[in-house]
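**Student:** the sequence isn't on hand, but the structure is:
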């Protein structure tokens, strides 16, 4: 991982980072490359300009990659809620192995097409791609985005000239009925975390998966903490270190049922 961390550090040098991003952006659309770094190293990636270069370089969100490596075991069932182009689905598929299962939830059709491409390129499985958003109800909702594949696309009305489409929505509880109990849930849904947890009452109280959640905004942090504490969860950083229970949750955290602590 030293080489990958070095790439990340170099990217933070303003002029050099810009040069690297320009160079990376010159690849042909739809070209296939072998990922060289991180926990997806050795896997193939079909490149699209609408996605961040960190996916195919392999250094995308290294702390999350490390957390998945530590937490996921062969045979686990993994829910990737807000899967975007499928990078973490690939990482998880490698970690849970042929005896495990990955379910990728993603409301964008373009993103679902990418996830399926990456799965097929690498012959990983069993993996299921679900073209639905996760919320607190089953039905439909507006999904807003600035461009196809945007990492900050979200449920809700458009802002600042964004586009919107109507998408199917389901709940975590409903997903568990369809796809069985998850051992681990990674969730990055750009501010809809509270709604998702409100649609996971049975899952939280009776199925007790481990969660890795990305939070968006102070109010979201407060409400998510209340919901998870009520379900008897304890909080940890991405390195697995227990968080101070009286402090606000960080941007990324792991929630573990207290019967596992």
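**Tutor:** Yes, it's here. On a predicted model such as this, the values are computed, not experimentally measured, just so you know.

**Student:** next one: phi and psi at residue 215?
**Tutor:** Dihedral pair for residue 215: phi -100, psi 160, per degrees, to the nearest 10.

**Student:** which residues touch the nearest residue to it once chain neighbours are set aside?
**Tutor:** Once flanking residues are discounted, residue 215 sits nearest to residue 221: 4.9 Å by C-beta to C-beta, 6 or more residues apart in numbering. Backbone N, C-alpha and C define where each C-beta goes, glycine included. Counting by C-beta atoms under 8 Å, 6 or more residues apart in numbering, residue 221 makes contact with 215, 248, 249.

**Student:** is it fair to say residue 221 lies in a helix?
**Tutor:** Yes: counting by DSSP: H, G, I helix; E, B strand; the rest coil, residue 221 falls inside a helix.

**Student:** roughly how far apart are it and residue 151?
**Tutor:** 20 Å (C-beta to C-beta, to the nearest Å).

**Student:** who does residue 45 form a beta bridge with?
**Tutor:** Taking DSSP bridges as the rule, residue 45 bridges to residue 33.

**Student:** quick one: the helices in the stretch 101-250 of the chain?
**Tutor:** Along the stretch 101-250 of the chain, the segments classed as helices by DSSP state H, counting those that start in this stretch run 109-122, 172-179, 193-198, 201-202, 218-230.

**Student:** mind putting these into TSV with mean pLDDT?
**Tutor:** As requested, those are exported to TSV (pLDDT from 0 to 100):
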stretch	mean pLDDT
helix 109-122	96
helix 172-179	97
helix 193-198	95
helix 201-202	97
helix 218-230	95
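
**Student:** can you redo those as TSV with distance to residue 66?
**Tutor:** TSV is the format used below for those (distance: least, C-beta to C-beta, whole Å):
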stretch	distance to residue 66
helix 109-122	20
helix 172-179	25
helix 193-198	22
helix 201-202	31
helix 218-230	22
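
**Student:** and the ones you listed, which is most packed in?
**Tutor:** helix 193-198 (a mean of 22; mean count of other C-beta atoms under 10 Å).

**Student:** show residues contacting that helix.
**Tutor:** Identification of contacts with helix 193-198 by C-beta under 8 Å, 6+ apart yields 81, 134-136, 155, 171-172, 187, 189, 204, 213-216, 220, 223-224, 227-228.

**Student:** show me where pLDDT drops low in the stretch 151-261 of the chain?
**Tutor:** Applying pLDDT under 70 to the stretch 151-261 of the chain flags the ranges 260-261.

**Student:** dump the residue contacts of residue 160.
**Tutor:** Residues in contact with residue 160 (C-beta under 8 Å, 6+ apart) are residue 146.

**Student:** and the pLDDT for residue 5?
**Tutor:** In this prediction, residue 5 carries a pLDDT score of 58.

**Student:** now the one 10 residues further on
**Tutor:** At residue 15, the predicted lDDT confidence score is 62.

**Student:** so residue 66 sits in a helix?
**Tutor:** Yes: secondary structure assignment places residue 66 in a helix (three-state DSSP).

**Student:** tally of neighbours for residue 161?
**Tutor:** Using other C-beta atoms under 10 Å, residue 161 has 6 other residues around it.

**Student:** could you verify my assumption that residue 224 touches residue 213?
**Tutor:** Yes: between residue 224 and residue 213 there is a contact under C-beta atoms under 8 Å: 6.8 Å.

**Student:** and the closest residue to residue 161 other than its chain neighbours, how far from residue 154?
**Tutor:** In space, and not counting its chain neighbours, residue 161 is closest to residue 146: 7.6 Å by C-beta to C-beta, 6+ apart. Per C-beta to C-beta, residue 146 is found 10 Å from residue 154.
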